[in-house]
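*Asks:* I need the structure of the sequence given here:
(2 chains)
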Amino acid sequence: MRYARDVAIVAFAQTAHRRSSQDVSETEMLLPVLREVLDRAGLAPGEPGFTCSGSSDYLAGRPFSFTMTLDGVGAWPPVAESHVEMDGAWALHEAWVELLTGAADTALVYAYGKSSAGDLGAVLTRQLDPYYTAPLWPGPVDLAALQAQALIDAGETDEQALADIAARSRTAARANPHARLRGPVPMGDHVAGPLRTGDCPPVSDGAAALVLAAGDTARRMCERPAWIRGMDHRTDPQGLGLRDLTDAPSARLAAEHAGAFDAPVDTAEIHAPFTAQEVILRKALRLGDDVSVNPSGGALAADPVMATGLIRFGEAAVRVHRGESDRALAHATSGPCLQQNLVGVLEGESR
Amino acid sequence: MNPANNEPVAVVGIGQTEHAAARRDVSIAGLVREAALRALADAELTWSDIDAVVIGKAPDFFEGVMMPELYLADALGAVGKPLMRVHTAGSVGGSTALVAANLVASRVQRTVLTVAFEKQSESNAMWGLSLPVPFQQPLLAGAGGFFAPHVRAYIRRTGAPEHVGSLVAYKDRRNALKNPSAHLHEHGITLEKVQSSPMLWDPIRYSETCPSSDGACAMVLTGRRGAARAPRPPAWVHGGAMRSEPTLFAGKDFVSPRAGRDCAADVYRQAGITDPRREIDVAELYVPFSWYEPMWLENLGFAAEGEGWKLTVSGATELDGDLPVNPSGGVLSTNPIGASGMLRFAEAALQVCGRAGAHQVDGARRALGHAYGGGAQFFSMWLVGAEPPAG
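*Replies:* Residues are numbered from 1 along each chain as shown, chains lettered A, B, ... in the order given. Sure thing, here's the model as predicted:
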């Protein structure tokens, strides 16, 4: 056995993602999701052996924003709990490791983001090198456009192929009641050439949560648990001049270390906020045409920043739960132009 | 952690920067790299020996960089490796070390570099901590304003004499004179000077308050095989835990939060400690305001409820006492917020290795590292020993 214990995703819940949730606080947005996911796993608030979340103060516009959402967890009596200032997929990794040590048998993992609280494009420029890049205020669309143009220049895609990715994703999202864009939208004008409105993710507010459980506890909670066969994450340097933007070496490395290439997957939920990034990730993650990619619609249908990566794991897991997938890949990204990547492999037991 | 089945975790490298109010000589990347390189040199390892990096810091507003680990990936030698960023408020330096320790304990990674930092001079931490209305009352400026009422509650509850806080500050600032890395070196400090310093948040005086520091701390953690190759005997992790409770609720005990008591109980259970006062030789506690020493002594089980201040007054927590607390000078002498917790963990490790220099506690075999954060609601602790854990 590769790891000390078998750990599975046994329950998942998410909000109906919206353009703006100014009528509710982050805690109010999150609370129904936490209740739903704990109900599904048959756990009471405060009962999970470990809790871990992912969120960003910069989205909330206040320090320690995660202390407020802890109110939604039911942390009394006190709970074993931690937080990452990263997408919730990395909180999932921390919780998975905690379960591997045997310190807990169950874990609650959640993530949320209210992109509507500020100008998301401007906020995300603050992720860049504060001395050399951030003072230029290049937004996420500008940087993704450089990447898309590099890909087109390399002959690996064209604007029509990108439009097809957008249409396929949003058509798939018709079956996803949580998505913001359900059905194709016009590609629109160039926002930053070659990217058009339709190549970009819809700015979204939302939250997601899942429950992890080990061994027999997982089997009790879920008819067909989504077993985590491997999980790994890697980073590339941030400097755009230090990278080949048409590639995502850290995604490939993470997939290798997660065991993704050991056997074919039938489903992949990948975190590609911009159409051209799907082209890069399909190559890095070796996803052929026989793999169902982003049946949920992916980030192009809903992109609650900080939760989008965790949602990929949830969407992959529920397909295993429902018997629609036997071996699925889930992927999350962070940073400009696919800088940091996390890959997990989920499997259902044979029927 | 469950020591029975897991890989034992050893601290084989420890490094910290020079701490100062403003490290204008280095960038943010330069600061974290200084600590990381010192930890690697201490372990006699290079970047290529590191399998993963876990970094922690307090709110991103303190430097004005969102998720700075992305920009720091290169400086931390993390390219092509797992890089994780922890943020659990003031307890983050401790939590970060525990997340790194779990990677080793679970055998997911072999050798992990963990780093925590704050470069507070990039912004103004007091206003960075002051939440806008409607999240907080408009008069609650900075952390001192938040914690002073809880100190007053402690004094009222225990009847502690009013000079206890100044004794702690006087001790910690003198200890810092023996720690070349400390931010504050107040030569000529006297008890009278502490007691005559300006009142900031009654009963907390200027000299009873932590400074605002730029600094970073780093450690290299590894398993049994890595420890066998280490240049010197390492410190071993015997127990580690985190506990959290909500910020505000009816019945919350701000003086002795239950999350702190539960966290300590978990660590002691893992480490087989039944009488912390006798079995722990030295403690590095997160004391940002002097009165928190007696408060934590009670919360952590070193003294009975209401008796913590008596331990302080007796001199037991002095460097030559029978339970030295913060021989490094503690948070009261050095406070790069995100790194302050890891400094406690690292100083505890230095003590059990016998490598704390002029502030070494003679014969220290078991030491507690402690951190807390938020509204006295997030706790992280580890207990380290000179011997490998049993089993």
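
*Asks:* which residues does the nearest residue to A:Arg196 once chain neighbours are set aside contact?
*Replies:* In this structure, A:Arg196 finds its nearest non-sequential neighbour in A:Met187, 4.6 Å apart by C-beta to C-beta, 6 or more residues apart in numbering or on different chains. Where you see a C-beta, it was placed from the backbone N, CA and C, and this is true even at glycine. A:Met187 is in contact with A:Ala163, A:Ala166, A:Arg196, A:Thr197, A:Gly198, A:Asp199, counting by C-beta atoms under 8 Å, 6 or more residues apart in numbering or on different chains.

*Asks:* any idea of the pLDDT on the fourth one?
*Replies:* In other words, A:Thr197. At A:Thr197, the pLDDT value in this model is 98.

*Asks:* again, but for the first one
*Replies:* Reported pLDDT at A:Ala163 in the predicted model: 98.

*Asks:* Now it. Nearest residue, chain neighbours left out?
*Replies:* A:Met187 (5.1 Å).

*Asks:* Okay, the one you found and chain B: tell me how far apart.
*Replies:* Noted for A:Met187: a distance of 30 Å to chain B, by C-beta to the nearest C-beta, to the nearest Å.

*Asks:* Got phi/psi on that residue?
*Replies:* phi -70, psi -30 (degrees, to the nearest 10).

*Asks:* Mind checking which of the contacts of A:Met187 are buried?
*Replies:* Neighbour-count burial (16 or more other C-beta atoms under 10 Å in any protein chain shown) is assigned, among these, to A:Ala163, A:Ala166, A:Arg196, A:Gly198, A:Asp199.

*Asks:* can you tell me the helix or strand for the first one?
*Replies:* Under DSSP states H and E, the secondary-structure element containing A:Ala163 is helix A:159-172.

*Asks:* Specify the beta-bridge partners of B:Val325.
*Replies:* B:Ala283 (DSSP bridges).

*Asks:* hang on, it packs against B:Ala283?
*Replies:* Yes. When contacts are counted by C-beta atoms under 8 Å, B:Val325 is listed as touching B:Ala283 (5.1 Å).

*Asks:* now stretch B:40-52, how far from the centre of its chain.
*Replies:* 23 Å (C-alpha atoms, centre = their mean, to the nearest Å).

*Asks:* does any bit of it sit next to chain A?
*Replies:* No. Applying C-beta under 8 Å from any C-beta of the partner chain, one finds stretch B:40-52 separated from chain A by no less than 9.1 Å.

*Asks:* related to what we said a few turns ago, quick check, nearest of the buried ones among the contacts of A:Met187 to B:Cys263?
*Replies:* A:Asp199 (47.7 Å; C-beta to C-beta).

*Asks:* How about that closest one: what's its closest non-neighbour residue?
*Replies:* A:Thr275 (4.3 Å).

*Asks:* Pull the contacting residues for the one you found.
*Replies:* A:Ala148, A:Leu162, A:Ala163, A:Ile165, A:Ala166, A:Ser169, A:Leu195, A:Gly198, A:Asp199, A:Leu300.

*Asks:* farthest-separated two in these?
*Replies:* A:Ala148 and A:Ser169 (15.5 Å).

*Asks:* picking up where we left off before, now the residue nearest to A:Asp199: how far from A:Glu223?
*Replies:* The gap separating A:Thr275 from A:Glu223 is 36 Å, by C-beta to C-beta, to the nearest Å.

*Asks:* Helices of the stretch 201-350 of chain A, start to end?
*Replies:* A:215-221, A:249-258, A:275-284, A:308-321 (DSSP state H, counting those that start in this stretch).

*Asks:* quick one on the thing from earlier: which pair in the contacts of A:Met187 spans the largest distance?
*Replies:* Checking the contacts of A:Met187 with C-beta to C-beta, the most distant pair is A:Ala163 and A:Thr197, at 11.1 Å.

*Asks:* center of the chain - which residue?
*Replies:* The chain I'm using is chain A. For chain A, A:Gly309 is the residue whose C-alpha lies nearest the centre (C-alpha atoms, centre = their mean; 0.7 Å).

*Asks:* You answered for a different chain; I wanted chain B.
*Replies:* Taking C-alpha atoms, centre = their mean, chain B has its central residue at B:Gly341, 2.4 Å away.

*Asks:* pLDDT at the residue of the stretch 251-351 of chain A found nearest chain B, what is it?
*Replies:* Relative to chain B, the nearest point of the stretch 251-351 of chain A is A:Gly335 (4.2 Å; C-beta to the nearest C-beta). With respect to pLDDT, A:Gly335 has a value of 97.

*Asks:* so where is the stretch 101-250 of chain A shaky, pLDDT-wise?
*Replies:* Along the stretch 101-250 of chain A, segments meeting pLDDT under 70 are nowhere present.

*Asks:* wait, chain B
*Replies:* Regions of chain B meeting the criterion pLDDT under 70 cover residues B:1-4, B:130-141, B:391.

*Asks:* still on that earlier bit, buried residues in the helix holding A:Ala163, which are they?
*Replies:* Result for helix A:159-172 [16+ other C-beta under 10 Å]: buried residues A:Glu159, A:Leu162, A:Ala163, A:Ile165, A:Ala166, A:Ala167, A:Arg168, A:Ser169, A:Arg170, A:Ala172.

*Asks:* so what secondary structure elements neighbour it?
*Replies:* strand A:195-196, helix A:275-284 (3 or more C-beta pairs under 8 Å, 6 or more residues apart in numbering or on different chains; DSSP states H and E).

*Asks:* most packed of those?
*Replies:* Highest mean neighbour count among those (mean count of other C-beta atoms under 10 Å in any protein chain shown): helix A:275-284, with a mean of 24.

*Asks:* show me what contacts the residue of chain A most remote from its centre?
*Replies:* What lies farthest from the middle of chain A is A:Pro77; by C-alpha atoms, centre = their mean that is 30.4 Å. The neighbours of A:Pro77, taking C-beta under 8 Å, 6+ apart as the test, are A:Gly46, B:Glu245, B:Arg258, B:Asp262.

*Asks:* can you do 7 Å?
*Replies:* A:Gly46, B:Arg258 (C-beta atoms under 7 Å, 6 or more residues apart in numbering or on different chains).

*Asks:* and it, which of the three is it?
*Replies:* coil (DSSP: H, G, I helix; E, B strand; the rest coil).

*Asks:* Just the pLDDT at it, thanks.
*Replies:* Listed pLDDT for A:Pro77 reads 96.

*Asks:* now it: how far from B:Pro246?
*Replies:* 11 Å.

*Asks:* What of A:Asp119?
*Replies:* 31 Å.

*Asks:* More neighbours: which of the two?
*Replies:* B:Pro246 (21 against 12; other C-beta atoms under 10 Å in any protein chain shown).
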